[in-house]
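K.L.:
fold the following for me, if possible:
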Amino acid sequence: MKQLSIFNDNEKNRGNGDTTFVSNMSLPIHRWYRFSAGYSSKWAEEVIEENVSKNQATKVLDPFAGSGTTLITCDSLGIQSIGYEAQPFIYRMAKTKTSWDVDTNKLFEYANDILKTAEETYKEDRLDEYPDIVFKSYTSENLLKLQCLFKLTKKYENKLSDNIINVLFLIITSILRKASGVGTAQWQYILPNKKTKSKDPFEEYRKKLLEIVTDIRLFQKRGLKEKSNLIYGSSIDMKEVSDNEIDFVITSPPYANNYDYADATRLEMSFYHEISSWGDLQSKVRKNLIHSSTQSVSHIKNETYNLIEDSILNSIKYDIREKCKKLEKERLNHGGKKNYYVMIAAYFNDMAHVLKELRRVVKPGGKMCWVVGDSAPYGVYIPVDEWLGKIAVSLGFKSFSFEKVRDRNIKWKNRTHSVLLKEGYLWIEG
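P.N.:
Predicted coordinates for the structure are as follows:
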């Protein structure tokens with residue numbers, strides 16, 4: 001899973017490539033579903049080409065695949081790739097994007113039929129029951145239009161291939177935020193009290209359909225083939241990958257910055273009736289995610305120091321114990337009293353187990369590039385890149401180095417602490 005907002009839009013490095021996901025919005029297939037937490041395909045392409053030899057056996061791995069940027073990029077380069085994604089909704093978006101080779105004539109035919117029927121019949125329907133966040137996010141008319149598109153699409157579920165059905169649902173998903181009249185950005189938290197101008201669902205559906213058909217035909221015309229394999233699940237256990245199978249890893253794990261990757265898709269999952277309450281996020285979405293937010297760790301609060309004592313963290317045990325004790329004490333000085341100390345302990349325990357799996361699957365002499373940023377909850381500095389590097393070496397990798405790209409926490413005038421943070425590339429070799 002990728003972290004939120006890597007680099008400023010104007011930031012340049014590694015040639016002329018912009019590393020944000022923003023640049024992907026002009027690229028075929030990548031642009032189908034905007035993933036603000038992702039990185040640039042152009043940047044990934046440069047890094048992969050610099051570090052991977054293009055032979056038939058070469059394999060690239062992304063253990064936090066997000067919306068599939070690495071895998072689609074590898075497809076465009078003709079390189080085999082494997083990805084893991086544990087957030088169920090984002091996995092489905094990525095699976096659709098990485099299963100792009102569909103019959104565009106059939107797709108266009110059925111999507112147009114759905115749209116035409118919806119335009120003619122949506123006023124005949126009544127609104128279903130939805131969680132409050134859905135009703136707060138749409139006018140009744142726009143919600144009726146979206147609901148009609150969804151119901152008509154479901155009627156085709158047993159008649160069309162899974163790949164075409166998935167694309168039809170992605171079209172609806174990609175317009176949900178545009179049709180909303182509340183403050184939000186794609187894959188960001190919903191702000192129901194902040195109003196904005198909504199767009200017509202039918203017109204946006206028509207635009208997205210044309211975009212997707214154009215993109216697929218372009219990839220097909222270039223003779224590209226699907227070589228990627230996206231797997232739903234946690235990269236703590238990559239049982240589908242053999243020992244020493246991977247040549248290169250490129251990824252960006254969740255940051256230890258309290259961003260809730262489950263809540264970020266609450267609107268979409270509520271619209272599709274996949275969740276009905278806040279509690280559903282814990283049981284249906286967060287259960288396999290890396291513990292990178294305080295919302296996901298309350299149930300393991302009593303295990304905090306047991307997690308730190310796990311031998312897998314021996315290389316940073318004293319440092320992380322000291323920081324967690326400081327955070328546990330500091331929380332009492334803040335109104336929210338957030339369990340950052342639990343989050344930090346669980347986060348590094350999780351990441352250590354991912355690194356252990358990576359040591360198993362990465363070939364001797366292989367290399368990894370991680371986009372990472374450090375953290376300072378309640379002003380207590382956490383050297384994320386250094387600790388991850390030390391854990392990696394303790395698990396059998398030979399060395400690590402950090403390539404700083406930019407400073408963080410400098411543009412917000414209302415920031416609550418003055419700790420200067422950084423972001424860049426953690427290189428792990430061996």
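K.L.:
which secondary structure elements does the helix or strand where Leu149 lies contact?
P.N.:
Leu149 is located in helix 140-154, with elements delineated by DSSP states H and E. The contact analysis (3 or more C-beta pairs under 8 Å, 6 or more residues apart in numbering; DSSP states H and E) places helix 140-154 against helix 104-121, helix 162-176, helix 201-221. (Glycine included, C-beta is placed from N, CA and C.)
K.L.:
and those helices, which is most packed in?
P.N.:
Ranked by mean neighbour count, the helices and strands packed on helix 140-154 are led by helix 162-176 with a mean of 21 (mean count of other C-beta atoms under 10 Å).
K.L.:
out of the helices and strands packed on helix 140-154, nearest to Ser40?
P.N.:
Within the helices and strands packed on helix 140-154, the stretch nearest Ser40 is helix 201-221; the backing value is 17.2 Å (C-beta to C-beta).
K.L.:
what is the orientation angle of that closest one with helix 140-154?
P.N.:
Using axes from the mean of the first three to the mean of the last three C-alpha atoms, to 10 degrees, one finds that helix 201-221 and helix 140-154 are set 40 degrees apart in direction.
K.L.:
buried residues in stretch 322-341, which are they?
P.N.:
323-324, 326-328, 330-331, 338-341 (16 or more other C-beta atoms under 10 Å).
K.L.:
in this protein, mark out all the strands, start to finish.
P.N.:
59-62, 80-85, 182-183, 191-195, 228-232, 246-251, 362-373, 399-408, 421-429 (DSSP state E).
K.L.:
out of these, nearest to Asn158?
P.N.:
strand 228-232 (21.6 Å).
K.L.:
got the CA positions of that closest one in PDB?
P.N.:
Presented in PDB, the C-alpha positions along strand 228-232 are these (Å, rounded to 0.1, in the frame of the first residue of the first chain):
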ATOM      1  CA  SER A 228       1.700  -9.100 -13.900                       C
ATOM      2  CA  ASN A 229       0.200 -11.100 -11.100                       C
ATOM      3  CA  LEU A 230      -1.600  -9.200  -8.400                       C
ATOM      4  CA  ILE A 231      -2.400 -11.100  -5.200                       C
ATOM      5  CA  TYR A 232      -4.900 -10.100  -2.500                       C
END
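K.L.:
who does it pair up with?
P.N.:
strand 80-85 (parallel) (DSSP bridges).
K.L.:
save the helices and strands packed on helix 140-154 as CSV, and put in distance to His30 and mean pLDDT too.
P.N.:
What follows is the helices and strands packed on helix 140-154, written out as CSV (distance: least, C-beta to C-beta, whole Å; pLDDT from 0 to 100):
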stretch, distance to His30, mean pLDDT
helix 104-121, 18, 97
helix 162-176, 12, 96
helix 201-221, 9, 95
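K.L.:
so which of those is nearest Ile79?
P.N.:
Within the helices and strands packed on helix 140-154, the stretch nearest Ile79 is helix 201-221; the backing value is 14.9 Å (C-beta to C-beta).
K.L.:
got any ranges where the stretch 51-200 of the chain has weak pLDDT?
P.N.:
183-195 (pLDDT under 70).
K.L.:
measure the residue nearest to Cys148 when sequence neighbours are not counted to Gln295 for me?
P.N.:
Nearest residue to Cys148 in three dimensions, chain neighbours excluded: Tyr122, at 3.9 Å (C-beta to C-beta, 6 or more residues apart in numbering). Distance of Tyr122 to Gln295, computed by C-beta to C-beta, to the nearest Å: 36 Å.
K.L.:
do the same with Asn333
P.N.:
Taken as C-beta to C-beta, the span from Asn333 to Gln295 is 21 Å.
K.L.:
likewise Gly379?
P.N.:
Distance from Gly379 to Gln295, by C-beta to C-beta: 20 Å.
K.L.:
please apply the same query to Ser394.
P.N.:
30 Å.
K.L.:
contacting residues around Leu209?
P.N.:
107-108, 111-112, 115, 171 (C-beta atoms under 8 Å, 6 or more residues apart in numbering).
K.L.:
which of those residues lies closest to Gly233?
P.N.:
Checking these one by one against Gly233 (C-beta to C-beta), the nearest turns out to be Ile171, at 26.2 Å.
K.L.:
tell me how many other residues surround Val361.
P.N.:
Val361 is flanked by 21 other residues according to other C-beta atoms under 10 Å.
K.L.:
wait, isn't it in contact with Asn244?
P.N.:
Yes - counting by C-beta atoms under 8 Å, Val361 touches Asn244, with 7.1 Å between them.
K.L.:
spatially central residue for the chain, please.
P.N.:
Gly66 (3.1 Å; C-alpha atoms, centre = their mean).
K.L.:
isn't that one right up against Glu85?
P.N.:
Yes - using C-beta under 8 Å, Gly66 is in contact with Glu85, at 6.6 Å.
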